[in-house]
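got a predicted model here, sequence first, then my questions.
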Amino acid sequence: MKKILLIIQREYLTRVRKRTFIIGTILFPVLYVGLIFGTGYIANKTSTTLHVAVVDSSGFFNKGSIERENQKDSTTILSLVDLKVDSLLVNYKDWGYDGFIVIPANSKWEDGLKLSLQTGRTLGIEGASPVQRKLNNIWDDIKNEKLGISDTIRTTLQKSKIKLIPQNFNDTSADSGVATVIGYVSGFLIYFILLLYGTQVMMGVMEEKTNRIAEVIVSSVKPFQLMLGKIIGIGLVALTQFFLWVLFAFVIYNVTSSGGGSTMADGFLGGIQGVFASIDVPLIIFCFAFYLLGGFFFYAALYAAIGSAVNEDMREAQSLSFPVTMLVIFSIAIMSAAIKDPSGPLAVWGSIIPFSSPIIMMARIPFGVPGTVPWWQLGLSMVSLIGGFIITTWFAGKIYRTGILMYGKKPTWKEMLKWAFRRN
């Protein structure tokens, strides 16, 4: 036990004292938040206005109705023009339009219209939606006018809608929007950490093997002790980084809230307080730490086994680690479905199976415990992850013991499985 503690201490202190750890701890939250909010901000700032010419042969449309719609939304500008279709087809770009629409002369206000937005390029997935929305609004006004529906009745019909708000009676403060955001952030954060630190374990083992350091260490400790100490030491580095992020967030929140400030800042803090009120913060922090460590131990053991089997060739390491990496990517792939239906069978089983539970369960927990996630599911998930870690550690330890002292032979998963199930 003392030898394992010494290895843990060495791995931990070596990494937390590095400048890259300090810089990464500070920069990662900034970059992560920038990635989430910055892309949306840039997309809004760089969006272009779509100019569309409308040729109305039916006589239903007029410039007044089109101008009203343009004032509501300036991202798409409709222009009623009196031009020949043949001329538009050739010159619409020269006249400043991105495309044009022709409304047939035989259009009937009682029927729907199937129109074509003619452009010389393929629009994005949302390209035609604003145009369609504006035309539908104008078409509704035309039908209301033909039917003799007054503006008062029209306003009443528009306002008298049913608004359905889902409410979890087991947790009345729960907010599905907040839960969705926290679920995505937690899932992706664990995903990044598993791949980042799992790869660090593999690279560290490869480096020690290549430099023949492992041979010296193994003369004093058992290979399994060396592997376990390395995994736990690097896992504690990841946990330290997580708690530093939590501490930074807590300090910034308290400093900002105690300092007072502008109305905008007060509104932002009010929003943050509303987020905290809708979730169980202590439970989420505890579960995140548990699944972060549990998931890391599960995957790090496999990455350590791969690192012990390969020599200096990074391509071999990438080839052997591909199946393990795909398990993490598969978990991210089903996370979206789990967030859409956190009580569905895919979400439930994904949060119990050890290889996917660190990501899937952390995506489900913000939706409420025990409302959405019963206590028995949470407990079973934790027990399964602990059991999975024990199995992968045993499996990886058998491979590590053989691979760490083997040189020159190109490994395969078939060969590694033979090492794992070989009797002593």
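Perfect, I can see it now. Only a predicted model underlies this, so the values are computations on that prediction, with no experimental measurement involved.

what's the neighbour count on S57?
Neighbour count for S57, taken as other Cβ atoms under 10 Å: 13. Bear in mind the C-beta positions are built from the backbone N, C-alpha and C, glycine included.

identify the residue nearest it in space, chain neighbours excluded?
Spatial nearest neighbour of S57, excluding adjacent residues (Cβ to Cβ, 6 or more residues apart in numbering): A105 at 3.9 Å.

state the distance from the residue of the chain most remote from its centre to R154.
The centre of the chain is farthest from one residue, G148, which by Cα atoms, centre = their mean lies 50.1 Å away. Separation of G148 from R154 (Cβ to Cβ, to the nearest Å): 11 Å.

what does L89 give?
Distance, L89 to R154, by Cβ to Cβ: 37 Å.

for I101, same thing?
25 Å.

neighbour-wise, which of these two wins?
Neighbour comparison, I101 and R154: the larger count goes to I101, with 20 against 14 (by other Cβ under 10 Å).

pull up the pairing partners for the helix or strand containing the more buried one, direction included.
Applying DSSP states H and E as the criterion places I101 in strand 99-103. When pairs are called by DSSP bridges, strand 99-103 turns out to pair with strand 50-56 (parallel), strand 117-118 (antiparallel).

most tightly packed of the ones you listed?
Comparing these by mean neighbour count (mean count of other Cβ atoms under 10 Å), strand 50-56 ranks first with a mean of 19.

out of the strands paired with strand 99-103, which comes closest to V30?
strand 50-56 (34.2 Å; Cβ to Cβ).

alpha carbons of that closest one, in CSV - could you do that?
The C-alpha coordinates for strand 50-56 follow below in CSV (Å, rounded to 0.1, in the frame of the first residue of the first chain):
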residue,chain,number,x,y,z
LEU,A,50,-31.9,37.7,-47.5
HIS,A,51,-33.5,40.0,-50.2
VAL,A,52,-36.3,38.3,-52.1
ALA,A,53,-38.3,39.8,-54.9
VAL,A,54,-42.1,38.9,-55.0
VAL,A,55,-43.9,38.9,-58.3
ASP,A,56,-47.6,38.8,-57.5
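
just give me how far it sits from the chain centre.
38 Å (Cα atoms, centre = their mean, to the nearest Å).

next, the distance between the ends of stretch 13-27.
Start-to-end span of stretch 13-27 (Cα to Cα, to the nearest Å) is 20 Å.

give the rounded mean pLDDT of that stretch.
In this model, stretch 13-27 has an average pLDDT of 83.

ditto for stretch 129-140
If you average the pLDDT values across stretch 129-140, you get 86.

just give me the neighbour total for the residue nearest to V373 when sequence neighbours are not counted.
Spatial nearest neighbour of V373, excluding adjacent residues (Cβ to Cβ, 6+ apart): R364 at 5.2 Å. Each residue near R364 was counted by other Cβ under 10 Å, and the total is 29.

when you give positions from now on, start the count at 581
Noted, 581 is the first residue going forward, which turns the last one into R944.

name the SS class of R944, please.
helix (DSSP: H, G, I helix; E, B strand; the rest coil).

ok, it touching I932?
No: shown here, R944 and I932 do not form a contact pair, counting by Cβ atoms under 8 Å, at 10.6 Å.

give me the number of residues near M581?
6.

what about it, distance to F1001?
Taken as Cβ to Cβ, the span from M581 to F1001 is 27 Å.

same check, this time on L907
Distance from L907 to F1001, by Cβ to Cβ: 20 Å.

the more surrounded of those two?
L907 (16 against 9).

show the pLDDT at the nearest residue in space to that one that is not next to it in sequence.
Of all residues not flanking L907 in the chain, F935 sits nearest, at 4.7 Å (Cβ to Cβ, 6+ apart). For F935, the model assigns a pLDDT of 91.

now F935: how far from L585?
Counting by Cβ to Cβ - F935 and L585 are separated by 29 Å.

compare the two (neighbour count), which wins?
Each of F935 and L585 has its neighbours counted (other Cβ under 10 Å); F935 has more, 21 against 12.

just to check, the more buried one is in contact with T905?
No: F935 is not in contact with T905 according to Cβ under 8 Å; the separation is 11.5 Å.

re the thing from before, for I940, find the nearest of the strands paired with strand 679-683.
So among the strands paired with strand 679-683, strand 630-636 is nearest, using Cβ to Cβ, at 39.5 Å.

in the stretch 831-980 of the chain, where is pLDDT below threshold?
Applying pLDDT under 70 to the stretch 831-980 of the chain flags residues 832-858.

show me where it has strands.
Using DSSP state E, counting those that start in this stretch, no strands are found in the stretch 831-980 of the chain.

would you list every one of the helices in it?
843-857, 861-889, 894-920, 925-930, 937-944, 955-983 (DSSP state H, counting those that start in this stretch).
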